[in-house]
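Enquirer: Quick one, what's the 3D model for this:
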Amino acid sequence: MTGAIVIIPTYNEIDNVEAIIKAVFSQSDDIHILVVDDNSPDLTALKVKELQTDFPDRLFLEVRKEKSGLGTAYIHGFKWCLSKAYQYIFEMDADFSHDPKDLKRLYDACALEGADLSIGSRYITGVNVVNWPMGRVLMSYCASKYVRFITGMNINDTTAGFVCYKRKVLEAINLDTIKFIGYAFQIEMKFKAYLKKFKITEVPVIFTDRTKGESKLSKGIISEAIFGVISMKLKSLFKK
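Expert: Residues are numbered from 1 along each chain as shown. Predicted structure coming up:
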């Protein structure tokens, strides 16, 4: 996976960070990782620094002053990656909900099959989610359907956070105008790429809920996604 880097945002992921880093690196000798840590009290960043001695020139760390939201962590990571020569930039969770073995499939969709943005999709072949309570499965599935209806995007998993971008997509999006900081960030990034007519493809994956650490999902994040989508769509119409 030449020219590829995986951005992994972390906050209190000491139970997962070493294992996820080693699992990602086991997929390819060429792939790099950037961990963006929000000054985790559990010293996640310190563990990453220790691992940097084992993976020199492949493992990078950016530590922010405080917890500032998933979206801003990824924007920070995107800008860092764009300042380098990376051509394929991934989003990935630290908690193994995204299987590192699927990285190659997302990479191939962009590098070999012509996609500009590939999405690890939970819903393109039914509902492929493990260990979630039924209520959360329904909420997530219905949220993606809702977003698809409002925005017009032909994407089954609009809230997915397992993504590979070609460099040119991130270069074409004004990252400073991205508004949302929670899970609605994932929707907004896809919508911006959709409006710019980039080729978006979905790759079926199985999403497995975390077994270690705590979920970062909150009611505020859900509210941002529900109401933010309407605002985002209306603004796009007025710009036309």
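Enquirer: Give me the residues contacting stretch 195-209.
Expert: Stretch 195-209 is contacted from outside by 96-99, 102, 105-106, 109, 113-122, 124-125, 128-132, 153, 155-157, 162, 166, 169, 172-173, 190, 193-194, 215, 236, using CB atoms under 8 Å, 6 or more residues apart in numbering. (Each C-beta comes from the backbone N, C-alpha and C, glycine too.)
Enquirer: Among those residues, which ones are in helices?
Expert: With helices taken from DSSP state H, the overlap with the contacts of stretch 195-209 comprises 105, 106, 109, 169, 172, 190, 193, 194, 236.
Enquirer: ok, and the most crowded of those?
Expert: residue 106 (29 neighbours; other CB atoms under 10 Å).
Enquirer: Any idea what the residue nearest to it when sequence neighbours are not counted is bridged to?
Expert: Nearest residue to residue 106 in three dimensions, chain neighbours excluded: residue 164, at 4.1 Å (CB to CB, 6 or more residues apart in numbering). Beta-bridge partners recorded for residue 164 (DSSP bridges): residue 90, residue 118.
Enquirer: quick one, what contacts residue 164?
Expert: By CB under 8 Å, 6+ apart, the residues touching residue 164 are 4, 88, 89, 90, 103, 106, 107, 109, 110, 117, 118.
Enquirer: and which of those is nearest to residue 42?
Expert: residue 90 (24.1 Å; CB to CB).
Enquirer: where's residue 185 relative to residue 14, distance?
Expert: For residue 185, the distance to residue 14 (CB to CB, to the nearest Å) stands at 24 Å.
Enquirer: And residue 136, by the same measure?
Expert: From residue 136 across to residue 14, the span is 24 Å (CB to CB).
Enquirer: in this protein, which spans are strands?
Expert: Counting by DSSP state E, the chain has strands at residues 4-10, 32-37, 59-63, 88-91, 117-121, 129-130, 163-166, 200-204, 207-208.
Enquirer: Let me have those in CSV, extended by mean pLDDT and distance to residue 142.
Expert: Putting the strands of the chain into CSV (pLDDT from 0 to 100; distance: least, CB to CB, whole Å) gives the following:
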stretch, mean pLDDT, distance to residue 142
strand 4-10, 98, 25
strand 32-37, 98, 30
strand 59-63, 98, 35
strand 88-91, 98, 23
strand 117-121, 97, 16
strand 129-130, 81, 13
strand 163-166, 98, 21
strand 200-204, 97, 18
strand 207-208, 88, 16
